[in-house]
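Novice: below are the sequence and a predicted model for it; my questions follow.
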Amino acid sequence: MEKDYRQVPTSEIHPFSIEDGNGNVHVSVMHVGTSTNRKFLYITAIIVNLVSFVCGTSLGWTSPEIPLLKNLTNSPLDHVMSASEEGWVGSFLPLAAAIGPLGAAILADQLGRKKSLLISALPFIAAFVINSFATNVWMFYLSRFLCGLSIGLVFTVLPMYIGEISDDEVRGSLGSFMQLFIVIGLLFSYALGPYLPVTTFNIILVVPPVVFLLLFSIFIPETPYYLIKSGRDDDALRALLQLRGNEQSLAQKELEVIKVQVEVDQSNKATFVDIFKSKSTKTALFISLNLVAWQQFSGINIVLFYTQSIFTDAGVPLAPEICTILTGVLQIIASALTPLLVERLGKRILLMQSGIGMGVSQGALALFFYLKDDRGSDVSSIGWLPILCLAVFIVTYCLGFGPLAWAVMGELFPGNVKSTASSATASFCWVLGFFITNYFGLVSEAVGKSGSFGLFAGCCFLSFGFVYKYLPETAGRSFAEIQELLGGQRKM
């Protein structure tokens, strides 16, 4: 019978290692007992995720601002924004977000996780300042590009930071904080954007990244893993004492284990090509790339960027602005439930349920637009359907593919390839996001909104099949156990 290390006293737990089929050694870090006082750990997760909130305000920015920019009465522009300009305003963010991770890996390894996240706040600040004074569409292009660079950094480094400060028991729930704070930021944009002038709204958006810079730089430590890697063992111990509730024996044991892992990782330094030399890392990359691909092919960026426009096109009985705000509230409720559910049900079950829920809702939305646009039918009696469809889509996305695709990525890779693999995954995700966002209008013209949402529905159902066949459960498992699953040495 396999030993459950989570039930073993701390004194019995020691660093241990596994070797994959290619001779690479990986060390388990967290089977050293768990803290009974996680107050500072949760405070740290909340403060670091303030930058996720800023990401959310950026992702939701286009939903209220595009309609204002297309109305000369409210727009700072001297012309009505064209469909092409609207497409580029939406797609410059994912384009830059695909570039951001390329530098994120270097920054995370050379400057550290903390400094990299601090740097990520600077383009946000510059972007919102530019928006506050923008008078031509090129300035909005630049601001959206800057936001994308920051998002690319955050989506690469933040999962690494959370993974390196957490213990096994709460790693999954803390990893899902990112999605929760993103949707709170989305609601912030949805709720304020439609009712404030463009300039005023963007001045307000400067405040959150400034607050993050101050709180994170002053009160929150670098990850113990990076501090040990940099030869700062005393600082690492101080950080562990903070994160583990000042439990001296636990922090000291964990320090020794991390030292072993850092030594192994540095002796096995790897490039991107080396990922393909080990079955476990090759499988990890395959899973990570597919999870973010299915996330993008669900149509999430179209929904987030153009929520208000979708409700307007659907002709729903409620004001589109109100529907959008209600959607944002649902996102927060669902994302708040995810940390509670992920440790009980596991990531695999939640991801499968997410794929089915998103597929059903997108399919129903496709049917609505087929009846309304393609058949010319009177849909006034089912005007509530788009609201229900987007509500179900948002809830099931936030319970699964929204937070868990990134949380899983942070758990799969050993330290010697984690930054490289994470940046490659994030870049791939946003390259797909760019093409989907930029060309959604052309595809929609060719096959109609019904065809577009029908394609998204099909992809959502396929995502269920992928998770069922290929994804092992990672919740509550140590890094060593996960590597054994990926390497085929342990059954799912």
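Specialist: Thanks, I have it. Numbering: from 1, shown residues only.
Novice: next up, the contacts around Phe124.
Specialist: By Cβ atoms under 8 Å, 6 or more residues apart in numbering, the residues touching Phe124 are Val54, Ser58, Leu146, Cys147, Ser150, Pro209. In short, each C-beta sits where N, CA and C put it, glycine included.
Novice: list the buried ones in the helix or strand the last one falls within?
Specialist: So that's Pro209. According to DSSP states H and E, Pro209 maps onto helix 207-219. Under the neighbour-count criterion of 16 or more other Cβ atoms under 10 Å, helix 207-219 has Pro208, Pro209, Phe212, Leu213, Phe216 buried.
Novice: next one: stretch 43-62
Specialist: Buried positions in stretch 43-62, judged by neighbour count with 16+ other Cβ under 10 Å: 44-62.
Novice: which ones among the residues you listed map onto helices?
Specialist: Judged by DSSP state H, helices contain the following of the buried residues of stretch 43-62: 44-48, 50-60, 62.
Novice: may I see the contacts of Phe124 organised as CSV, with pLDDT and distance to Leu404 added?
Specialist: Converted to CSV, the contacts of Phe124 look like this (pLDDT from 0 to 100; distance: Cβ to Cβ, whole Å):
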residue, pLDDT, distance to Leu404
Val54, 98, 21
Ser58, 95, 22
Leu146, 97, 28
Cys147, 96, 24
Ser150, 96, 23
Pro209, 98, 26
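Novice: just give me the longest helix of the chain.
Specialist: Longest helix of the chain, by residue count under DSSP H: helix 415-470.
Novice: next helix or strand past it?
Specialist: Next along the chain from helix 415-470, counting by DSSP H and E, comes helix 479-486.
Novice: now do the helices in the stretch 301-450 of the chain.
Specialist: In the stretch 301-450 of the chain, the helices defined using DSSP state H, counting those that start in this stretch lie at 307-314, 320-345, 347-369, 385-399, 401-412, 415-470.
Novice: which residues touch the residue lying closest to Leu404 once chain neighbours are set aside?
Specialist: Closest residue in space to Leu404, ignoring its immediate chain neighbours: Lys347 at 4.9 Å, by Cβ to Cβ, 6 or more residues apart in numbering. For Lys347, the contacting residues are Gly172, Leu404, Ala407, Val408, Leu471, Glu473, Thr474, Ala475, by Cβ under 8 Å, 6+ apart.
Novice: contact partners for the third one?
Specialist: If a contact means Cβ under 8 Å, 6+ apart, then Ala407 has Pro159, Gly172, Gly175, Ser176, Met178, Val342, Lys347 as its contacts.
Novice: go with 7 Å
Specialist: Counting by Cβ atoms under 7 Å, 6 or more residues apart in numbering, Ala407 makes contact with Pro159, Gly172, Gly175, Ser176, Lys347.
Novice: now swap in Ser377 and tell me
Specialist: Counted by Cβ under 7 Å, 6+ apart, Ser377 has contacts Leu371.
Novice: phi, psi of it?
Specialist: Main-chain torsions, Ser377, degrees, to the nearest 10: phi -80, psi 160.
Novice: swap in His79?
Specialist: Dihedral angles for His79 - degrees, to the nearest 10 - are phi -150, psi 160.
Novice: now swap in Pro197 and tell me
Specialist: For Pro197, the backbone dihedrals (degrees, to the nearest 10) come out as phi -60, psi 150.
Novice: neighbours around it, how many?
Specialist: A count of nearby residues for Pro197, using other Cβ atoms under 10 Å, gives 12.
Novice: ok, it to Ile66 distance?
Specialist: Distance, Pro197 to Ile66, by Cβ to Cβ, to the nearest Å: 15 Å.
Novice: my read is that Glu86 contacts Ile66, right?
Specialist: Yes. Using Cβ atoms under 7 Å, Glu86 is in contact with Ile66, at 5.9 Å.
Novice: run through who's touching stretch 73-86.
Specialist: Residues outside stretch 73-86 that contact it (Cβ under 7 Å, 6+ apart) are 66, 68-70, 72, 134-137, 197-199, 441.
Novice: PyMOL command for the buried members of these?
Specialist: Entered in PyMOL, the line below selects the buried ones among the contacts of stretch 73-86, by 16+ other Cβ under 10 Å:
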select buried, resi 66+68+69+70+134+137+198+441
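Novice: least confident pick among the contacts of stretch 73-86?
Specialist: Of all these, Gly441 carries the smallest pLDDT score, 70.
Novice: which residue, other than its chain neighbours, is closest to that residue?
Specialist: Nearest residue to Gly441 in three dimensions, chain neighbours excluded: Gly87, at 5.5 Å (Cβ to Cβ, 6+ apart).
Novice: report the buried residues of the host helix or strand of that neighbour.
Specialist: Using DSSP H and E, Gly87 falls within helix 83-110. By neighbour count on 16+ other Cβ under 10 Å, the buried set for helix 83-110 is 85-101, 103-105, 107-108.
Novice: so Phe272 touches Ser423, yeah?
Specialist: No. Using Cβ under 7 Å, Phe272 makes no contact with Ser423, being 9.0 Å away.
Novice: neighbour count: the two, which is higher?
Specialist: Ser423 (26 against 13).
Novice: would you mind measuring from that one to Asp374?
Specialist: Distance from Ser423 to Asp374, counting by Cβ to Cβ: 42 Å.
Novice: hmm, back to that, so how far is the longest helix of the chain off the chain centroid?
Specialist: 14 Å (Cα atoms, centre = their mean, to the nearest Å).
Novice: just the contacts of stretch 73-86: which are in helices?
Specialist: Among the contacts of stretch 73-86, the ones falling in helices (DSSP H) are Ile66, Leu68, Leu69, Val137, Val198, Thr199, Gly441.
Novice: nearest to Ala334, out of those: which one, please.
Specialist: Distance to Ala334 across the ones in helices among the contacts of stretch 73-86 (Cβ to Cβ) is lowest for Ile66, with 24.8 Å.
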